[in-house]
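Asks: Sequence and predicted structure, then a few things I'm wondering about:
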Amino acid sequence: MRRDKNKSWGGRFAEGPKEAVAAYTQSQSYDRVLAEHDIRASKAHAGMLGDVGVLTPEETRKIREGLDRVLAEIREKNFVWKPELEDVHMNVEARLTELIGDVGKKLHTGRSRNDQVGLTFRLYVADQLVLWRQYAVTLCDVLLQRASRHIDDILPGCTHLQPAQPVSLAQHLLAYAWMLRRDVQRLDDALKRVRVSPLGAAALAGATYPLKPQNVAQEVGFAEIFGNSLDAVSDRDFVLESLFCASTIMMHLSRLCEEIILWANPAFNFVQLPDSYSTGSSIMPQKKNPDVAELMRGKTGRVYGALTAMFTVMKALPLAYNRDMQEDKEAFLDADNTVKASLQIMAGMLDALTFRVDRMREACAAGFLNATELADYLTNKGVPFRDAHHSTGQAVSVAENQGKRLEDLSLRELQAIDARIGEDVYAALDYATAVNRRETPGGTGPQSVARQLEQLGQWIAAGDASGVATQEATPEDSGDNRRMEPVVD
Ligand code: ARG
């Protein structure tokens, strides 16, 4: 009987699994990005084993230093990944034992890969959510910057994609800033549940050693520990919640993309896309395609896909750990990649595009966007709103039949519809006035918009209100994580 010594569970198996099965079940080709977090978790575990006397101080020191050496090898790209060792956890542990000898085998005391992968992945996910948060705040800031210069520029606000009432461009942009603020708040809330340590649950039932899971949590910077060992090793709510946050962010970005795409269409011509964010057509020389916005809208689908995939993976799993759950890595990593890139690219694109405020203003004049103003004008003269609405409808139809705008109708024509209309109606029909008069809370009036800018600006300046530690991030952070070497067996 041949035993496969490379496998920690090799004792029960007469033969190692065939190559294809090994390739099918392995995760080291993609979960190696978790190495830093796995080592952080393992160092905390070793420290705790030392605290409770399961390891001697000397053993603890050797293991923790050994783990640092493994980490250095990984960072310096000297680490040799072994596909036959299945995942990041076994690769790291095997190398530790190679480096420090048999004492390395003591690291796994009172621990299982089930609670190990739980803590490792939670640490990783938490760090990425903090980056999403940061990129979302940056995008919010870009929206604020752009909005602050367009408080007095107006465009047709739509419902049903039909011109409805004029709004300020700032108001339109700030709508997205408010969405992103909620996205950030959602991330902060999700982080509270991500940052719970499951280590100490062991395989599923807890352990016979006098473990102190709280010590581990403290060392890795998590405030809470699990309450039930079975739940601890089988919970992937934290992945689902993160993917939900990702999906909502992408949904918001996708709506903004849709508007950019529409606005870039010559029929609107509200924005001019920078060349770096658009492409030409190989056959139609006049075209400038909003490919970046289109792709971002398209990539939203894969993030929803990750969420759906994980809901489906989890829905019928019995307690506790099941290997199905390994699927959480690729789902999350792919969504993570998409969200980070999208948030950063959207910030760049918004910063670089040109708003055609002249075109926006012209468009306001075309669609009877001041019809509500006439109705409100009549209401203020004591006409019940329903009647005012009816008279305004008549005025629109008179103007439409003559190919005119409401403000082009003579006072006599207007008075024929309602005798209470006076000369002052023309001031009321002014498009900018229509915007300026809407000073209800959150409305499109300039003071309301200025208040929004202030509120959002203060929120950004306050930084992290949630108590979640933020970390410095560069675009490379996300890039590096994903630049994975292909597996060569
Ligand atoms: N690579 C595995 C995962 O991501 C680690 C846990 C494996 N545990 C086990 N009992 N096979 O889920």
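Replies: Received, thanks. Numbers count the residues shown, from 1 in each chain.
Asks: so what's the residue of the stretch 201-350 of the chain found nearest the ligand scoring on pLDDT?
Replies: Using C-beta to the nearest ligand atom, the single residue of the stretch 201-350 of the chain nearest to the ligand is Gln326, 3.7 Å away. In short, each C-beta sits where N, CA and C put it, glycine included. Looking at Gln326, its pLDDT is 98.
Asks: Wasn't it part of a helix?
Replies: Yes. The assignment for Gln326 is a helix, going by DSSP: H, G, I helix; E, B strand; the rest coil.
Asks: So the residue sitting furthest away from the middle of the chain: helix, strand or coil?
Replies: Relative to the C-alpha centroid of the chain, counting by C-alpha atoms, centre = their mean, Arg412 is the outermost residue, at 56.5 Å. On the three-state scheme (three-state DSSP), Arg412 is labelled helix.
Asks: where's it relative to the ligand, distance?
Replies: 79 Å (C-beta to the nearest ligand atom, to the nearest Å).
Asks: Leu71 too?
Replies: Computed as C-beta to the nearest ligand atom, the Leu71 to the ligand distance reads 19 Å.
Asks: ok, that residue touching Glu36?
Replies: Yes. Between Leu71 and Glu36 there is a contact under C-beta atoms under 8 Å: 6.5 Å.
Asks: Identify the contacts common to the two.
Replies: Common neighbours of Leu71 and Glu36 (criterion: C-beta atoms under 8 Å, 6 or more residues apart in numbering): none identified.
Asks: Next, count neighbours for the spatially closest residue to Thr354 that is not a sequence neighbour.
Replies: Excluding the flanking residues, the one nearest Thr354 by C-beta to C-beta, 6 or more residues apart in numbering is Gln272, at 4.2 Å. Gln272 is flanked by 16 other residues according to other C-beta atoms under 10 Å.
Asks: sorry, back to before: which residues does the closest residue in space to the residue of the stretch 201-350 of the chain closest to the ligand that isn't next to it in sequence contact?
Replies: Nearest non-adjacent residue to Gln326, counting by C-beta to C-beta, 6+ apart: Ser27, 5.5 Å away. Ser27 makes contact with Glu86, Asp87, Val88, Gln326, Lys329, according to C-beta under 8 Å, 6+ apart.
Asks: To what extent is the last one buried, counted in neighbours?
Replies: Neighbour count for Lys329, taken as other C-beta under 10 Å: 20.
Asks: three-state assignment of it?
Replies: Classification of Lys329 using three-state DSSP returns helix.
Asks: At the contact with the ligand, which residues of the stretch 101-250 of the chain appear?
Replies: Residues of the stretch 101-250 of the chain found near the ligand (C-beta under 6 Å from any ligand atom) are Arg113, Asn114, Val117.
Asks: Give me the buried entries from the residues you listed.
Replies: By neighbour count, with 16 or more other C-beta atoms under 10 Å, those hold Arg113, Asn114, Val117 as buried.
Asks: Among these, which ones are in helices?
Replies: Arg113, Asn114, Val117 (DSSP state H).
Asks: got the residues of the stretch 301-450 of the chain near the ligand?
Replies: Within the stretch 301-450 of the chain, the positions lying close to the ligand (C-beta under 6 Å from any ligand atom) are Tyr321, Arg323, Met325, Gln326, Lys329.
Asks: what are the ranges of the helices in the stretch 1-150 of the chain?
Replies: For the stretch 1-150 of the chain, the helices defined by DSSP state H, counting those that start in this stretch cover 19-25, 28-31, 35-51, 57-75, 88-100, 113-148.
Asks: ok so, going back, who wins for most neighbours among the contacts of Ser27?
Replies: Neighbour-wise, those (other C-beta under 10 Å) top out at Val88, 27 neighbours.
Asks: Now do the same for the residue lying closest to that one once chain neighbours are set aside: its pLDDT.
Replies: Nearest residue to Val88, sequence neighbours excluded (C-beta to C-beta, 6+ apart): Asp31, at 4.5 Å. Listed pLDDT for Asp31 reads 98.
Asks: do the same with Pro285
Replies: For Pro285, pLDDT reads 75.
Asks: neighbours of it, just the number please.
Replies: Pro285 has 7 neighbouring residues, counting by other C-beta under 10 Å.
Asks: How about Glu98?
Replies: 12.
Asks: can you start the count at 8 instead of 1 from here on
Replies: Noted, 8 is the first residue going forward, which turns the last one into Glu105.
Asks: how about the strands of the stretch 158-307 of the chain, start to end?
Replies: For the stretch 158-307 of the chain, strands defined by DSSP state E, counting those that start in this stretch occupy the ranges 161-166, 169-175, 203-204, 231-232, 278-279, 286-287, 295-296.
Asks: could I get the first one in PDB with only the CA atoms?
Replies: Spelled out, that is strand 161-166. Provided in PDB are the C-alpha atoms of strand 161-166 (Å, rounded to 0.1, in the frame of the first residue of the first chain):
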ATOM      1  CA  ILE A 161     -29.400  73.000 -16.000                       C
ATOM      2  CA  LEU A 162     -30.500  70.000 -18.000                       C
ATOM      3  CA  PRO A 163     -33.800  68.200 -18.500                       C
ATOM      4  CA  GLY A 164     -34.500  65.900 -15.600                       C
ATOM      5  CA  CYS A 165     -36.400  62.800 -16.800                       C
ATOM      6  CA  THR A 166     -38.900  60.300 -15.600                       C
END
